[in-house]
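*Asks:* task: produce atomic coordinates for the following.
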Amino acid sequence: MFSDKEVNTGRQIEFDYSKGLFLLAILLIHSFQIAGRGSGVNAEVYKIIFMVCVMTGAPIFMFVMGLGTRYRKAETGVMLCSGERLVLYQYLNNIAHIASIILPYFVMMIFKDVSAHRDEVIETSKLSALYINIFFLAGGIYLVLALLKQLKTPIWLYAALGLVINIFSPMLIGLQIGFAPVDYILGGIFGGTKYASFSVLNYLPYTFFGIVFGELLKRVTNKKRFYGVVCSCSAVILVGFFCWVFWNNPDFDSFYQYIGRTYVQPDFIRTIANTSAVVMLAGLLFSLSNIIAKCGFLHRLLMYYSKHISKYYAIHPTFFFLAYGFNGFKGFDFWGCIVLFLLSILYTDMVVRLYNRFWVNSKKLKRT
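*Replies:* Numbers count the residues shown, from 1 in each chain. From the prediction side, this is the model:
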């Protein structure tokens, strides 16, 4: 099943499909979390959808980022620049979020009095200004990877570091020293603050495990057999995980709260379960890859999502903030959020394709 040489060095299409599905899951979840405030987000059906989606979710992105470093030969300097650029994108993205929150407020004031929502708009804008999400997370992890690459870290050490960080990072959640600027940065590293959706240290193990998995995958001679073994092990881990969670959280609400809390701040058990879910999804998509490839439209769409996922991720919250604001700052119900989810697919796809066609292509022409 394994070779001493790197024999499986081509594109691992199952992970492109995984990233494409991750984008759709994010659009679905955020349609409720942003535009369904106080209404659709409280629906029981949404909570079930949320628990299913976040068993992979952002860990897919971090895992694939690590796996990709074994298939791409990037210099340390390039990785540093990528990390710095992604952190910058976080704050540029935050500015766009603020604009999409404030604009509906002033436009709506022309037609009706929405001043009752003034404090909500101010507080949401203040939170968005300093918000730490997946761009900061990815940028911070890239900086760590650049350092480890420069140190010529052996593959076994990534596995060891992943396990050690996985064990001890939950103990550091909420670490503060009482000095606001430093505490803000610590929140992005360790988590536990209202500004940090994800934190670098808590999600670093996913990337390290992706690196180890990528190193193994390059030496696999029989992917079908490999995924059969890996998915069987993952299935056992996931069954055990859900039994354990249910045993400790027997009612629906506590089960939901645990799944949501440990998605943002994963403990040891949750990280292993999520990694198993990511690998199992990849195995499933590998088994379906020939069928997906024959369905040309679906294949092209998922590949396009995978290639341009950062652009899609950057612009989609603005759509939901605008929808929420122009709805009079009232949350959409369950079916309203579903409609917004479908519309967001069209909106983000149109914006990204127009951007790529006119802006990116014009820059290429200028270089030539």
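
*Asks:* would you agree residue 298 is in contact with residue 292?
*Replies:* Yes. Counting by C-beta atoms under 8 Å, residue 298 touches residue 292, with 5.7 Å between them. Placement of C-beta: from N, CA and C, glycine included.

*Asks:* so which of the two has more stuff around it?
*Replies:* Using other C-beta atoms under 10 Å as the criterion, residue 298 and residue 292 rank with residue 292 on top: 17 against 14.

*Asks:* where does the stretch 151-300 of the chain dip in pLDDT?
*Replies:* The stretch 151-300 of the chain contains no residues with pLDDT under 70.

*Asks:* for the closest residue to residue 197 other than its chain neighbours, what are phi and psi?
*Replies:* Leaving aside its sequence neighbours, residue 197 sits nearest to residue 133 (C-beta to C-beta, 6 or more residues apart in numbering; 4.7 Å). For residue 133, the backbone dihedrals (degrees, to the nearest 10) come out as phi -130, psi -150.

*Asks:* likewise the one 5 residues further on?
*Replies:* Recorded main-chain torsions at residue 138 are phi -60, psi -40, according to degrees, to the nearest 10.

*Asks:* pLDDT score assigned to it?
*Replies:* Each residue has a pLDDT score; the one for residue 138 is 95.

*Asks:* which pLDDT value goes with residue 359?
*Replies:* So, for residue 359, pLDDT stands at 75.

*Asks:* pull the number of nearby residues for residue 189.
*Replies:* Burial of residue 189 is recorded as 18 neighbouring residues (other C-beta under 10 Å).

*Asks:* am I right that it is in a helix?
*Replies:* Yes. Read with DSSP: H, G, I helix; E, B strand; the rest coil, residue 189 is one of the residues of a helix.

*Asks:* that one touches residue 198, doesn't it?
*Replies:* No. Residue 189 is beyond contact range of residue 198, at 10.9 Å (criterion: C-beta under 8 Å).

*Asks:* measure how buried the closest residue to residue 33 other than its chain neighbours is and give me the count.
*Replies:* The shortest distance from residue 33 to any non-neighbouring residue, by C-beta to C-beta, 6+ apart, is to residue 41 (6.0 Å). By other C-beta under 10 Å, the residues close to residue 41 number 21.

*Asks:* residue 41 and residue 203: what is the separation?
*Replies:* Residue 41 sits 23 Å away from residue 203, going by C-beta to C-beta, to the nearest Å.

*Asks:* then residue 349?
*Replies:* For residue 349, the distance to residue 203 - C-beta to C-beta - is 27 Å.

*Asks:* also residue 344?
*Replies:* Residue 344 sits 25 Å away from residue 203, going by C-beta to C-beta.

*Asks:* what does residue 43 give?
*Replies:* Using C-beta to C-beta, one gets 28 Å for the distance from residue 43 to residue 203.

*Asks:* who's more crowded, those two?
*Replies:* residue 203 (28 against 16).

*Asks:* doesn't the more buried one fall inside a helix?
*Replies:* Yes. Residue 203 forms part of a helix when assessed by three-state DSSP.

*Asks:* list the residues that contact the closest residue in space to it that isn't next to it in sequence.
*Replies:* Spatial nearest neighbour of residue 203, excluding adjacent residues (C-beta to C-beta, 6+ apart): residue 62 at 5.1 Å. Applying C-beta atoms under 8 Å, 6 or more residues apart in numbering, one finds that residue 62 lies in contact with 137, 138, 141, 203, 204, 206, 207, 210.

*Asks:* swap in residue 4?
*Replies:* By C-beta under 8 Å, 6+ apart, residue 4 lies in contact with residue 219.

*Asks:* residue 337: which of the contacts of residue 62 is nearest?
*Replies:* residue 137 (25.0 Å; C-beta to C-beta).

*Asks:* can you count the residues close to that closest one?
*Replies:* Using other C-beta under 10 Å, residue 137 has 27 neighbouring residues.

*Asks:* now stretch 210-230 - C-alpha only, PDB.
*Replies:* In PDB, the C-alpha atoms belonging to stretch 210-230 read as follows (Å, rounded to 0.1, in the frame of the first residue of the first chain):
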ATOM      1  CA  GLY A 210      -2.700  17.600   7.300                       C
ATOM      2  CA  ILE A 211       1.000  17.800   6.700                       C
ATOM      3  CA  VAL A 212       1.500  14.200   8.100                       C
ATOM      4  CA  PHE A 213      -1.400  12.900   6.100                       C
ATOM      5  CA  GLY A 214       0.000  14.600   2.900                       C
ATOM      6  CA  GLU A 215       3.400  12.900   3.500                       C
ATOM      7  CA  LEU A 216       1.700   9.500   3.700                       C
ATOM      8  CA  LEU A 217      -0.600  10.200   0.800                       C
ATOM      9  CA  LYS A 218       2.400  10.900  -1.500                       C
ATOM     10  CA  ARG A 219       3.600   7.400  -0.900                       C
ATOM     11  CA  VAL A 220       0.300   5.500  -1.300                       C
ATOM     12  CA  THR A 221       0.300   3.000  -4.200                       C
ATOM     13  CA  ASN A 222      -3.300   2.000  -3.800                       C
ATOM     14  CA  LYS A 223      -5.600   4.900  -2.800                       C
ATOM     15  CA  LYS A 224      -8.700   2.800  -2.800                       C
ATOM     16  CA  ARG A 225      -7.300   0.400  -0.200                       C
ATOM     17  CA  PHE A 226      -5.700   3.200   1.700                       C
ATOM     18  CA  TYR A 227      -8.900   5.100   2.100                       C
ATOM     19  CA  GLY A 228     -10.800   1.900   2.900                       C
ATOM     20  CA  VAL A 229      -8.500   1.400   5.900                       C
ATOM     21  CA  VAL A 230      -8.400   5.100   7.000                       C
END
